[in-house]
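Enquirer: Return a 3D structure for these sequence lines:
(3 chains)
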Amino acid sequence: MNYWLMKSEPDTFSFQDLKNRPKQREPWDGVRNYQARNFMRDAMKPGDLVLFYHSNTKPPGVVGVAEIVSEPYPDPTAFDKKSKYFDPKSKVESPRWVLVDVAFKKDLKSMVSLDMMKLMPELEDMKVLQKGNRLSITPVQEPEFKAIVAAGSKK
DNA sequence: GCCAACGTTGGC
DNA sequence: GCCAACGTTGGC
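Expert: Residues are numbered from 1 along each chain as shown, chains lettered A, B, ... in the order given. Down below sits the predicted model:
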């Protein structure tokens, strides 16, 4: 099993929004970056655990744990002319963009902010902490995942 | 709101 | 295939 960090702007889709969904799950649509797509398409498996990260907010950080609950499948928003994620180059016969479904797993007692993460020696090599990183989906090592969940389990 | 970092596009 | 221009991300 693998671990991931997935970013979302809470104004667009927050961890609370995920929790409030009827089945507490949501298709992770709108990814339009090839590296991030390849992670979903080639490496993610149902059961993988996800650090749900709020970006572009004060403060940014990990707010909860989610779980991958589907195989990859074509992102329907790419075919939808009305969607802001519409991509005319993605054809139904040969979809360019895929997504997976993500489900609520558990809350953290407290957010693990980016500032806190930077102070944790276990997270030295984490991609999300490296300068200039803009990837919305990054792989996480098991010790990194556990360190963040442990930090977020404290009051 | 600024701007550094990075990805994509398109002319050549 | 190079690279300048442009768009986006996301911390600050």
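Enquirer: Could you report the neighbour count for the closest residue to residue A:23 other than its chain neighbours?
Expert: Closest residue to residue A:23 apart from its sequence neighbours, by CB to CB, 6 or more residues apart in numbering: residue A:103 at 7.5 Å. Placement of C-beta: from N, CA and C, glycine included. Other residues within reach of residue A:103, judged by other CB atoms under 10 Å, total 18.
Enquirer: Next: residue A:52.
Expert: Neighbours around residue A:52, by other CB under 10 Å: 24.
Enquirer: Buried residues of the helix or strand where it lies, list them for me.
Expert: Applying DSSP states H and E as the criterion places residue A:52 in strand A:49-54. For strand A:49-54, the neighbour count (16 or more other CB atoms under 10 Å) marks A:49, A:50, A:51, A:52, A:53, A:54 as buried.
Enquirer: what's the helix or strand for the residue nearest to residue A:23?
Expert: Assigned by DSSP H and E, residue A:103 falls within strand A:101-113.
Enquirer: Might you calculate how far whatever helix or strand comes next after that strand sits from the centre of the chain?
Expert: The first helix or strand that comes after strand A:101-113 along the chain, using DSSP H and E, is helix A:114-119. Chain-centre distance of helix A:114-119: 18 Å, with CA atoms, centre = their mean, to the nearest Å.
Enquirer: Now do the same contact list for the residue nearest to residue A:117 when sequence neighbours are not counted.
Expert: Take residue A:117 and drop its neighbours on the chain: the residue closest to it by CB to CB, 6+ apart is residue A:123, 5.3 Å away. With contact set as CB atoms under 8 Å, 6 or more residues apart in numbering, residue A:123 has these partners: A:117, A:129, A:144, A:147, A:148.
Enquirer: For residue A:123, what are phi and psi?
Expert: Main-chain torsions, residue A:123, degrees, to the nearest 10: phi -100, psi 10.
Enquirer: how about the biggest helix by length in chain A, does it reach DNA strand C?
Expert: Counting residues, the longest helix found in chain A (DSSP state H) is helix A:142-152. No: Helix A:142-152 is not in contact with DNA strand C by CB under 7 Å from any atom of the strand; minimum separation 14.3 Å.
Enquirer: quick check: mean pLDDT across that helix?
Expert: The pLDDT scores in helix A:142-152 average 96.
Enquirer: likewise stretch A:68-79?
Expert: 95.
Enquirer: Dump it to PDB, restricted to CA.
Expert: Once non-C-alpha atoms are left out, stretch A:68-79 reads as follows in PDB (Å, rounded to 0.1, in the frame of the first residue of the first chain):
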ATOM      1  CA  ILE A  68      -8.400   6.000  -2.300                       C
ATOM      2  CA  VAL A  69     -11.600   4.100  -3.000                       C
ATOM      3  CA  SER A  70     -11.600   3.500  -6.800                       C
ATOM      4  CA  GLU A  71      -9.500   2.400  -9.700                       C
ATOM      5  CA  PRO A  72      -8.600   5.200 -12.100                       C
ATOM      6  CA  TYR A  73     -11.200   6.200 -14.700                       C
ATOM      7  CA  PRO A  74     -11.600   9.000 -17.200                       C
ATOM      8  CA  ASP A  75     -12.300  12.500 -15.700                       C
ATOM      9  CA  PRO A  76     -15.700  13.400 -17.000                       C
ATOM     10  CA  THR A  77     -15.100  17.100 -16.500                       C
ATOM     11  CA  ALA A  78     -12.600  17.000 -19.400                       C
ATOM     12  CA  PHE A  79     -15.500  16.200 -21.800                       C
END
